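Trainee: Just to be clear, the model below is a prediction. Sequence and coordinates:
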Amino acid sequence: MENLDVLAANLLSPVILAFVLGVIAALVRSDLKLPPALYNGLSIYLLLAIGLKGGVELSKTPLSVFIGPALLTLFLGLITPIIAYNILRRLGRMDRVNSAAIAAHYGSVSAVTFIVAITFGTMTGRAPEGFMPALVAILEVPAIVVALMIAFMRDGRAGSWKDALHEVLSGRSVILLVGGLVIGALVGPEGFEPVEPFFYSGFQGALVLFLLEMGIVAAGRLRDLKKVGFFLVAFGILVPILHGVLTIWLAQFTSLSVPGAAVLAAMVSSASYIAAPAAVRIALPEANPTFYLTGALGITFPFNVTLGIPLYYALAEWLIG
Amino acid sequence: MHHSIVSLKLVTIVTERILEDRLLRTLVQLGAKGYTLTQATGKGSRGVRASEWEGPDTKIETLVSEDVAQAIMDHVADTFFEHYAVIVYVQDAAVVRGEKYV
């Protein structure tokens, strides 16, 4: 498919249209809102589903195939918060605490962006490696730790390290992803078969509902765009592209396929808005949540799911394919 | 039969959901024997919460002696007022089974 057709296919997919519907609903001040219990339930379902599927695939993957992408992911998880921090400090002239807080978000990963990237690849006939969810689990935590370390070292203070780390490691996304991976790997394809219809057939529909809520939440953040200023808006689009390009360039030295590199780029370029905000709120309470939440939810998430993901696929094809 | 009525303090804390675990641990350490949790929503001087996924705010109520109430107020003020959305207030309360709470 031509790149423009692919872009159109993404923008006209049910998942993205549901997201747009959510944005519109919020902009016209509709009373539409998913009940908290429902979107909590949906997020548990989605995370456990990708964990289980990833675990089953992992049980079939030789370590020699997995180790390269895994090490690359870990490296990117360590380096991207440092890149983001330096851009915020030097180019954005932001203070240390807010720079570190935002860097934690942009180093970590948004699981929903990952799911949308996989769905996009599958939809356009370019499915990535099955073990990709394991890489999400690897990417999620290190960046938050690195960013908090930067903040603590520079200020020479003892924050609530223990509480923050506990928040990240015991957060639902880590528990469900890692737990799902372990369960999937233990039970293997035969053991997964009886529960597969539930986690497979409903997945796309659940994602549509979840993105509807994401649209409402993201639109709520759009109102804060004026407060965060032009620099952060540009940062929220350009730094993901930079992280995506870096990922794809490095991925060509591993065994990752073109779709695998594209999905990894989408992961690395995405900004966490579940695990990171919780940890940062506890460890760096003086950082302004308006900056990091608006950046991650209001700018980077919408950019990635609409334009970013097709862009990473096109770049991966061009560089590696 | 009349039950004897004892005067205690009812401390109420309304705050971000993310502080709930830490606060509950501290309340018990400071001498509270129990607490009641309620989901709360509202509007105050701070509009922003940490995570949309953490859900609404939390309201913590606990019946304690005057000394414990003072300790809780001090702790909350010193630790959380600067950076978090917190309301804390204390009221007089009259209870039966007063020994249950101290």
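Mentor: Here it is on my side, so go on. Numbers count the residues shown, from 1 in each chain, chains lettered A, B, ... in the order given.
Trainee: Residues touching the helix or strand of chain B with the lowest mean pLDDT, excluding its own?
Mentor: Every helix and strand of chain B was ranked by mean pLDDT, DSSP states H and E. The lowest is strand B:36-40, at a mean of 91. Applying C-beta atoms under 8 Å, 6 or more residues apart in numbering or on different chains, the external contacts of strand B:36-40 come out as B:14, B:20, B:55-62. Yep, even glycine has a C-beta here, placed from its N, CA and C like the rest.
Trainee: what ranges do the strands span in chain B?
Mentor: B:6-15, B:36-40, B:57-64, B:86-95 (DSSP state E).
Trainee: hmm, back to that, taking the contacts of strand B:36-40, tell me the two that lie furthest apart.
Mentor: Spatial extent of the contacts of strand B:36-40 (C-beta to C-beta) is set by the pair B:Gly55 and B:Thr62 at 21.1 Å.
Trainee: The two: which is more packed in?
Mentor: Using other C-beta atoms under 10 Å in any protein chain shown, the more surrounded residue of B:Gly55 and B:Thr62 is B:Thr62, with 26 against 16.
Trainee: Show the contacting residues for the more buried one.
Mentor: B:10-11, B:27, B:32, B:34-36, B:72.
Trainee: Next one, pLDDT for B:Ile13 please.
Mentor: Looking at B:Ile13, its pLDDT is 96.
Trainee: Give me the neighbour count for it.
Mentor: Counted with other C-beta under 10 Å, residues neighbouring B:Ile13 total 23.
Trainee: Looking at strand pairing, list the partners for it.
Mentor: Per DSSP bridges, the residues bridged to B:Ile13 are B:Ile60, B:Val88.
Trainee: just checking, it touches B:Thr79?
Mentor: No. Contact criterion C-beta atoms under 8 Å: B:Ile13 and B:Thr79 do not qualify, at 11.5 Å.
Trainee: what's the angle between the least confident helix or strand of chain B and strand B:6-15?
Mentor: 40 degrees (axes from the mean of the first three to the mean of the last three C-alpha atoms, to 10 degrees).
Trainee: Parallel or antiparallel, list what pairs with strand B:36-40.
Mentor: Strand B:36-40 sits in its sheet next to strand B:57-64 (antiparallel), going by DSSP bridges.
Trainee: what angle separates the partner strand from strand B:86-95?
Mentor: Using the same axes, to 10 degrees: strand B:57-64 against strand B:86-95 is 40 degrees.
Trainee: In CSV, list the C-alpha atoms belonging to strand B:57-64.
Mentor: Extracted C-alpha coordinates of strand B:57-64, given in CSV (Å, rounded to 0.1, in the frame of the first residue of the first chain):
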residue,chain,number,x,y,z
ASP,B,57,-10.5,11.8,45.2
THR,B,58,-10.8,10.1,48.5
LYS,B,59,-12.5,11.2,51.8
ILE,B,60,-11.0,9.6,54.9
GLU,B,61,-12.8,10.0,58.2
THR,B,62,-11.5,8.8,61.6
LEU,B,63,-12.7,9.1,65.1
VAL,B,64,-9.8,9.7,67.5
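Trainee: average model confidence for it?
Mentor: 94.
Trainee: Show me what from the stretch 201-321 of chain A comes close to chain B.
Mentor: Contact residues (C-beta under 8 Å from any C-beta of the partner chain) of the stretch 201-321 of chain A with chain B: A:217, A:273-274, A:277-278, A:280-282, A:285-286, A:289-290, A:293, A:297.
Trainee: check contacts around A:Arg172.
Mentor: Going by C-beta under 8 Å, 6+ apart, A:Arg172 touches A:43-44, A:47, A:274.
Trainee: any idea how far chain B is from A:Ala266?
Mentor: Distance, A:Ala266 to chain B, by C-beta to the nearest C-beta, to the nearest Å: 21 Å.
Trainee: can you check A:Thr306 too?
Mentor: Using C-beta to the nearest C-beta, A:Thr306 is found at 20 Å from chain B.
Trainee: So that residue lies in a helix, does it not?
Mentor: Yes. Assessed with DSSP: H, G, I helix; E, B strand; the rest coil, A:Thr306 lies in a helix.
Trainee: In chain A, which helix is the longest?
Mentor: helix A:225-251 (DSSP state H).
Trainee: Which strands or helices does it pack on?
Mentor: For helix A:225-251, the elements it packs on are helix A:63-86, helix A:96-107, helix A:258-269, helix A:289-293, helix A:301-303, helix A:309-319, judged by 3 or more C-beta pairs under 8 Å, 6 or more residues apart in numbering or on different chains; DSSP states H and E.
Trainee: one more time with 7 Å, if that's ok
Mentor: Secondary-structure packing of helix A:225-251 (3 or more C-beta pairs under 7 Å, 6 or more residues apart in numbering or on different chains; DSSP states H and E): helix A:63-86, helix A:258-269, helix A:289-293, helix A:301-303, helix A:309-319.
Trainee: before we move on, the earlier item: determine which stretch of the strands of chain B is the most buried.
Mentor: Highest mean neighbour count of those: strand B:57-64, a mean of 21 (counted as mean count of other C-beta atoms under 10 Å in any protein chain shown).
Trainee: hmm, back to that, drop anything exposed from the residues of the stretch 201-321 of chain A next to chain B.
Mentor: Applying 16 or more other C-beta atoms under 10 Å in any protein chain shown to those, the neighbour count classes A:217, A:273-274, A:277-278, A:280-282, A:285, A:289-290, A:293, A:297 as buried.
Trainee: Of those residues, which is the nearest to B:Arg97?
Mentor: Each of those was checked against B:Arg97 using C-beta to C-beta; the closest is A:Ile282, at 36.4 Å.
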